[in-house]
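>>> Fold the following.
(one chain, ligands or ions: 1)
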Amino acid sequence: MTALKNDRFLRALLKQPVDVTPVWMMRQAGRYLPEYRASRAKAGDFMSLCMNPEFACEVTLQPLERYPLDAAILFSDILTIPDAMGLGLYFETGEGPRFKKVVNTMADIEALPIPDPDKDLGYVMDAVRTIRRELNGRVPLIGFSGSPWTLATYMVEGGSSKDFRKSKALLYENPQAMHALLDKLAQSVTSYLNGQILAGAQAVQIFDSWGGSLSAAAYQEFSLAYMQKIVNGLIREHDGRRVPVILFTKGGGLWLESMADSGVEALGLDWTCDIGAARARVGDKVALQGNMDPSVLYAKPEAIRAEVGRILAAYGHGNGHVFNLGHGITPEVDPAHAGAFIEAVHELSAQYHV
Ligand SMILES: O=C(O)CCc1c2[nH]c(c1CC(=O)O)Cc1[nH]c(c(CC(=O)O)c1CCC(=O)O)Cc1[nH]c(c(CC(=O)O)c1CCC(=O)O)Cc1[nH]c(c(CCC(=O)O)c1CC(=O)O)C2
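Residues are numbered from 1 along each chain as shown. Sure, this is the predicted structure:
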């Protein structure tokens, strides 16, 4: 494979010196871009976009054509694994993701297969290979998965949820069943991410989007414990390079110390914790990724620039910072504002790397 032309992102995750702070955005290939909406219309629906490697590659590269981003993220979704388990993922227009089948008994859980990354999720591995070829060393490619807890909530609720009532009822009244589901998901995510790494993903992120909805005790037992199992099973070196792992629990600001002890290279932060305080707490163990409130992108470019400056100053001088939003960019954001955000990170961070 071609040598990397821009490796800032990987260097920052390994706390190595960089010239400016690298930046990417969660959901950077998405509905806020008119070209994404055109590709999605051409593909017919979201799953056809994800399941066709050429389309997935086209969409992955769209934000890179517009902005000097320092990483590409595989265009896919976290719900590919439940879909490969046979739950039948579909998207109603204007609705979030839905499943045809739900999981709520031990029998349902025991019947779930552990997907084979090449046989059952080969379209994702093909997308990784296709994107790596197209990137041709321009920037690193990030692979990703949902966390076992986050995936379990979709499988038990049958789609997105605000209060996770079915998932939490199962967790508290039948913890054995929830553990069986989470264990199966941990095995599935481990082989899924290893498949992406072997196909060419140069870093991986675990999205624990709904970990923050748990109590401190339940987070340790039902979310972090299973992400730890995944981290213990991941390929950490490939193609002569370390493959950094980023752990992101939205709403996990109180639990950074135990996340940092999991052995990952970096933690993703949402906007509710101060990145300077987070660095003081765990900066000796991990790099940090984040953490601007995505809604700041609704403000005018001068205000975006000021908030970027505040976060850079909070992190301070030195290595180990990847700039990102604190959660995915939202569909209503003006693409010009995303451009102002990225430009501000590069321009305002040079002073912290001298
Ligand atoms: O209508 C469409 O085109 C499908 C929308 C879409 C989906 N995945 C998508 C896209 C493209 C985009 O983000 O615009 C595409 C998508 N899903 C994901 C990613 C990875 C990333 O965030 O960069 C991406 C973008 C990948 C890329 O930029 O190349 C992963 C994902 N899917 C999901 C989640 C859970 C969450 O949102 O936190 C997450 C974690 C994202 C995050 O934390 O920012 C589950 C999911 N998938 C989806 C949705 C509906 C989108 C929404 O309402 O926000 C949702 C959210 C929900 O309803 O629970 C479908």
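
>>> Now do whichever residue of the stretch 251-354 of the chain sits closest to the ligand, the pLDDT please.
Closest to the ligand within the stretch 251-354 of the chain is Gly328: 2.7 Å, counting by CB to the nearest ligand atom. (Glycine included, C-beta is placed from N, CA and C.) Note for Gly328: predicted pLDDT of 98.

>>> For the residue of the stretch 51-200 of the chain found nearest the ligand, report the pLDDT, please.
Residue of the stretch 51-200 of the chain nearest the ligand, by CB to the nearest ligand atom: Gly96 (2.9 Å). Note on Gly96: pLDDT of 88.

>>> didn't it look like it was pressed against Ser160?
Yes: judged on CB atoms under 8 Å, Gly96 makes contact with Ser160 at a distance of 3.8 Å.

>>> Tell me where the stretch 101-250 of the chain is predicted with low confidence.
The model of the stretch 101-250 of the chain has no residue with pLDDT under 70.

>>> now the strands for it?
141-146, 203-208, 237-238, 241-242, 245-249 (DSSP state E, counting those that start in this stretch).

>>> could those go into JSON lines alongside distance to Leu14 and mean neighbour count?
Putting these into JSON lines (distance: least, CB to CB, whole Å; neighbours: other CB atoms under 10 Å) gives the following:
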{"stretch": "strand 141-146", "distance to Leu14": "15", "mean neighbour count": "23"}
{"stretch": "strand 203-208", "distance to Leu14": "10", "mean neighbour count": "25"}
{"stretch": "strand 237-238", "distance to Leu14": "12", "mean neighbour count": "12"}
{"stretch": "strand 241-242", "distance to Leu14": "6", "mean neighbour count": "14"}
{"stretch": "strand 245-249", "distance to Leu14": "11", "mean neighbour count": "26"}
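
>>> Helices of the stretch 51-200 of the chain, start to end?
Ranges of helices within the stretch 51-200 of the chain are 53-66, 80-82, 106-111, 122-135, 148-157, 165-173, 175-199, based on DSSP state H, counting those that start in this stretch.

>>> what's the closest of those helices to Gly339?
Nearest to Gly339, of all those, is helix 53-66, at 6.8 Å by CB to CB.

>>> returning to what we had before: could I get the strands of the stretch 101-250 of the chain as a markdown table with distance to Ala287?
Formatted as a markdown table, the strands of the stretch 101-250 of the chain follow (distance: least, CB to CB, whole Å):
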| stretch | distance to Ala287 |
| --- | --- |
| strand 141-146 | 14 |
| strand 203-208 | 11 |
| strand 237-238 | 17 |
| strand 241-242 | 12 |
| strand 245-249 | 8 |
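
>>> Take these and write them to JSON lines, including distance to the ligand.
Shown next, in JSON lines, are the strands of the stretch 101-250 of the chain (distance: least, CB to the nearest ligand atom, whole Å):
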{"stretch": "strand 141-146", "distance to the ligand": "6"}
{"stretch": "strand 203-208", "distance to the ligand": "4"}
{"stretch": "strand 237-238", "distance to the ligand": "21"}
{"stretch": "strand 241-242", "distance to the ligand": "22"}
{"stretch": "strand 245-249", "distance to the ligand": "7"}
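
>>> Show me what from the stretch 151-300 of the chain comes close to the ligand.
Ser160, Phe207, Ser209 (CB under 6 Å from any ligand atom).

>>> In contact with Leu185, which residues?
Going by CB atoms under 8 Å, 6 or more residues apart in numbering, Leu185 touches Ile81, Pro148, Leu151, Ala152, Tyr226.

>>> ok, now how distant is it from Leu61?
The span separating Leu185 from Leu61 equals 30 Å under the rule CB to CB, to the nearest Å.

>>> Does stretch 122-137 reach the ligand?
No: counting by CB under 6 Å from any ligand atom, the ligand has no neighbours in stretch 122-137; the shortest distance is 9.5 Å.

>>> May I have that stretch as PDB, with CA atoms only?
Provided in PDB are the C-alpha atoms of stretch 122-137 (Å, rounded to 0.1, in the frame of the first residue of the first chain):
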ATOM      1  CA  GLY A 122     -18.100  -8.800   3.100                       C
ATOM      2  CA  TYR A 123     -19.700  -5.600   1.600                       C
ATOM      3  CA  VAL A 124     -18.100  -3.600   4.400                       C
ATOM      4  CA  MET A 125     -14.700  -5.200   3.900                       C
ATOM      5  CA  ASP A 126     -15.000  -4.600   0.200                       C
ATOM      6  CA  ALA A 127     -15.800  -0.900   0.900                       C
ATOM      7  CA  VAL A 128     -12.700  -0.600   3.100                       C
ATOM      8  CA  ARG A 129     -10.500  -2.100   0.400                       C
ATOM      9  CA  THR A 130     -12.100   0.100  -2.300                       C
ATOM     10  CA  ILE A 131     -11.700   3.300  -0.200                       C
ATOM     11  CA  ARG A 132      -8.000   2.500   0.600                       C
ATOM     12  CA  ARG A 133      -7.300   2.100  -3.100                       C
ATOM     13  CA  GLU A 134      -9.000   5.400  -3.900                       C
ATOM     14  CA  LEU A 135      -7.400   7.300  -1.100                       C
ATOM     15  CA  ASN A 136      -4.000   6.200  -2.300                       C
ATOM     16  CA  GLY A 137      -2.300   7.400   0.900                       C
END
